[in-house]
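Visitor: okay, sequence plus prediction incoming.
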Amino acid sequence: MEVLQLSQNAGYGFFNQIIYLSHCEWLILSREIFPGFFYFNGMKKYTLCLIGLMLLSTSACKRQTEENTILTNRDTIFVTDTLLQQKLRNEHMVLATLYHQTAAEYRALCYQAFNIGRLMLDKDLANAGIEKHRIIVLDIDETVLDNSPFQAKSILESTSYPKYWNEWCELAKAEPLPGAIDFLNYARKNGVSIYYVTNRKEALKEVTIKNLKETGFPLADGEHVIMRTAEASKESRRLDLLKKYHISLYFGDNLNDFAETFEGKSAEKRLLAVDDNKDDFGTRFIVLPNAMYGDWELALYGYNGGQSDSALFDLRRKNLRPF
């Protein structure tokens, strides 16, 4: 018995989903809709093939119109196959994560950031008018530690934060960003203290210190690793440090690592805020590259990352600026 079956998403690429087998045996991929729609037997085989394809083509056109699956560069795409939808959930993260893990350019940008940091630190050290003890304030994730394996896991498993995040942190296996340890050891040799101000939660403090210490970062201890407690903003923690110390440099991968003025703004206003503070970048603020995640992405979603995958997909496309 030979069976003709209609693909679940008949409205998209219908004819591309038909596989022609030997002896005119036709098979259409999905088993979900119209199983056993036609049976071919003897001399009626070719006639039924033609009639069946005509009927199914009409059905496909109707479903295509109903589901708005005509592909343009601005339309929303509705993926009706749940397995495919799950696999594609984090597809937008693939190139960013591969860039982070494989691009020599990414490594070069890290070295560049810490080399600039050394030049600016030397300039700060030469300022005899500074009386307070000098410190450097750094973020941890994607600023001194590389969490791209967690991002890769999220892509391959079609999951998102916080799934697997604690498990990843507890491994304490995140590697240092290129140039980070050499720079911070240089700062320590010049009498500068290091404070790691992170938005990792307090429950992860012990394993975070372990990761930093075993990797070779200086001053990786309970005093110098400051976790998130009540609020995500780092402003109060920075101000507490400023009361006692002179902050020579700030390092981060997110604008929120530097100043409150960047927090909670739309994508457009974040750009304007950078323009307003342009003299600080490369002098006081040293930015590490991170295209995998951050407030830059949340700003595209109106800081509502809990929307459906299709809604987030549509927002990403709508924020593109084609010619």
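Guide: The structure has been received and is ready for your questions.

Visitor: so which bits of the helix or strand hosting residue 188 are buried?
Guide: Assigned by DSSP states H and E, residue 188 falls within helix 180-189. For helix 180-189, the neighbour count (16 or more other C-beta atoms under 10 Å) marks 180-181, 183-184, 186-187 as buried. Where C-beta positions appear, they are placed from N, C-alpha and C, glycine not excepted.

Visitor: neighbouring contacts of the strand or helix carrying residue 110?
Guide: Using DSSP H and E, residue 110 sits within helix 104-125. Under the criterion C-beta atoms under 8 Å, 6 or more residues apart in numbering, residues 99-100, 130, 134, 136, 177-180, 182-183, 186-187, 190, 192, 248-249, 251, 282-284, 286-289 lie in contact with helix 104-125.

Visitor: take the buried residues of helix 180-189 and lay them out in JSON lines including distance to residue 109 and pLDDT.
Guide: Shown next, in JSON lines, are the buried residues of helix 180-189 (distance: C-beta to C-beta, whole Å; pLDDT from 0 to 100):
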{"residue": "180", "distance to residue 109": "12", "pLDDT": "98"}
{"residue": "181", "distance to residue 109": "17", "pLDDT": "98"}
{"residue": "183", "distance to residue 109": "14", "pLDDT": "98"}
{"residue": "184", "distance to residue 109": "18", "pLDDT": "98"}
{"residue": "186", "distance to residue 109": "19", "pLDDT": "98"}
{"residue": "187", "distance to residue 109": "20", "pLDDT": "98"}
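
Visitor: centre of the chain to the helix holding residue 188, how far?
Guide: Relative to its parent chain, helix 180-189 has a centroid offset of 28 Å by C-alpha atoms, centre = their mean, to the nearest Å.

Visitor: the following helix or strand past that helix: how far from the chain's middle?
Guide: Next helix or strand after helix 180-189 toward the C-terminus (DSSP H and E): strand 193-201. Put simply, strand 193-201 sits 21 Å off its chain's centre (C-alpha atoms, centre = their mean).

Visitor: taking helix 180-189 as reference, get the angle to strand 193-201.
Guide: If you take axes from the mean of the first three to the mean of the last three C-alpha atoms, to 10 degrees, strand 193-201 sits at 140 degrees to helix 180-189.

Visitor: strand 193-201 packs against which elements?
Guide: Under the contact definition 3 or more C-beta pairs under 8 Å, 6 or more residues apart in numbering; DSSP states H and E, strand 193-201 sits against strand 134-138, helix 180-189, helix 205-215, strand 225-228, helix 235-244.

Visitor: indicate which one of the ones you listed is closest to residue 307.
Guide: strand 225-228 (23.9 Å; C-beta to C-beta).
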